[in-house]
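Novice: Mind looking at a prediction? Sequence and model below.
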Amino acid sequence: MIKLFHTSVFKNIFLIFLLLTGFSLPGHAQSGITIKHGPYLQNVGKNEVTILWVTTKNAMSWVEVAPDDGSHFYADERPQYFQTENGRKLVGKLHRITIKGLEEATTYRYRIYSREVFDNLHWDTSFGKVVASNPYRTFNFTTLDPNKSGYSFTVVNDIHEDPDALEDLLSHVDLEERDFVVYNGDMMTHINSEEHLFKGFMDKTVELFASHKPFYYARGNHETRGPFSTRFMDFFPTPSGKPYFTFRQGPVFFLFLDGGEDKPDSDIEYGGLSAFDEFREEQAKWLKKVVESEEFKNAPQKIAIIHIPPYTSTWHGTLEVERLFAPILNEAGIDLMISGHTHRHGFIPKGEKGNQFPILINGNREVLDVRVHPSGLEIQIKDREGNMKHEFEF
């Protein structure tokens, strides 16, 4: 005769089996969730900011924000901001939370939180532990100020996933005194994965400044390469939702442009997946509208940031930037274009090649430091060892 096990006995045996084999019941596992990368600031504007970070496990996340008024962060209940989409709080490992309705020219403090999600069923959600930034060390950010009279910013480009070079270059400027940093393309050689991106330069960026100082990113031609390159905008959101965008800080209106790839779309290197001719045509239409806006026209100073400079080669990408963007910028009366791409310093004075604006090209192992004044710009360029290489005034 076959004897049946009592239910409780079977349950105990089953649980012992799970423990011995390393399995765990849903919703009852030890969490172990951690913040893997970040936080870092993006899309800082007059009235908004986007804060991003990555966790090791799926989570629902939020940001708490407090004014920088001298009060303790725990002095009051702080407002919470979640990542939502069409009425739902999102669950994932990349957390991208945009906070709007902020006051311009104002400093805020913030903390980040992620609560692990085990199961996200149609009728129930199983949560795990909460991981958060240090409760006694808050981060901060400052919204943009169109009325600011003077400030400074720094430009780096073409480091091609060399975080040591990035650290060396930025060590020669006082990042705490800079309003922001500009990454002018080719910070990566290609982008294979999230880990590749953070190892290449983003972990170092967070370590040096990006949790409390923003950077604005002009995509280079190499950031369009690799299987993870299509996720670029997920990690580097902009006001326009495109890799070309604008903002104003103090007297300067900034135009961030994207030159796309440097070879024809049919080149074998792109595997039949490039469509940058169409992309640049679309961008040129957008640019025409921008330079006709009152916000652009009323700005005392105007700077264009683009990785690929016009008038520097006969490669297809350069010629298309020259054909599509340069005539619009010539008519618009910009004061300066800052570029990279060539891996060496260069300067094209206004009028030398049909350009109605000076073009300053930063080398791949140089840091370009800009001081903005109501009357103009002062620029210093140093090499990796901190030696002064070039100085300009515009």
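Specialist: Structure received.
Novice: switch to C-alpha atoms for all contacts and neighbour counts from now on
Specialist: OK.
Novice: per-domain residue ranges of this structure.
Specialist: Domain ranges of the chain: 35-142, 151-393, per automatic domain parsing.
Novice: now the spatially most central residue of the chain, nearest residue through space, not along the chain?
Specialist: The centroid of the chain falls nearest to F236 when counting by C-alpha atoms, centre = their mean (3.6 Å). If you skip the residues right next to it in sequence, F236 has Q42 as its closest partner in space, 6.5 Å away by C-alpha to C-alpha, 6 or more residues apart in numbering.
Novice: From E385, how far off is that neighbour?
Specialist: 29 Å (C-alpha to C-alpha, to the nearest Å).
Novice: okay, the two: which has more neighbours?
Specialist: Under the criterion of other C-alpha atoms under 10 Å, the comparison of Q42 against E385 puts Q42 first, with 25 against 12.
Novice: tell me the strands in the stretch 51-200 of the chain, going along the chain?
Specialist: Taking DSSP state E, counting those that start in this stretch to define them, one finds strands in the stretch 51-200 of the chain at 80-82, 84-85, 88-89, 91-99, 107-120, 125-132, 139-142, 151-156, 180-183.
Novice: what sits against P146?
Specialist: Residues counted as contacts of P146 (C-alpha atoms under 8 Å, 6 or more residues apart in numbering) are K46, R248, Q249, G250, P251.
Novice: Quick check: strands, which of these are part of them?
Specialist: Cross-referencing the contacts of P146 against strands under DSSP state E gives R248, Q249.
Novice: Distance to G185 and neighbour count added to the contacts of P146, as JSON lines?
Specialist: Below are those laid out as JSON lines (distance: C-alpha to C-alpha, whole Å; neighbours: other C-alpha atoms under 10 Å):
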{"residue": "K46", "distance to G185": "24", "neighbour count": "21"}
{"residue": "R248", "distance to G185": "20", "neighbour count": "21"}
{"residue": "Q249", "distance to G185": "21", "neighbour count": "22"}
{"residue": "G250", "distance to G185": "24", "neighbour count": "19"}
{"residue": "P251", "distance to G185": "24", "neighbour count": "23"}
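Novice: from the contacts of P146, which is closest to N58?
Specialist: Nearest to N58 among those, counting by C-alpha to C-alpha, is K46 at 31.5 Å.
Novice: Quick one, grab the pLDDT at the closest one.
Specialist: Confidence at K46, expressed as pLDDT, is 97.
Novice: wait, isn't it in contact with I99?
Specialist: No - K46 is beyond contact range of I99, at 11.4 Å (criterion: C-alpha atoms under 8 Å).
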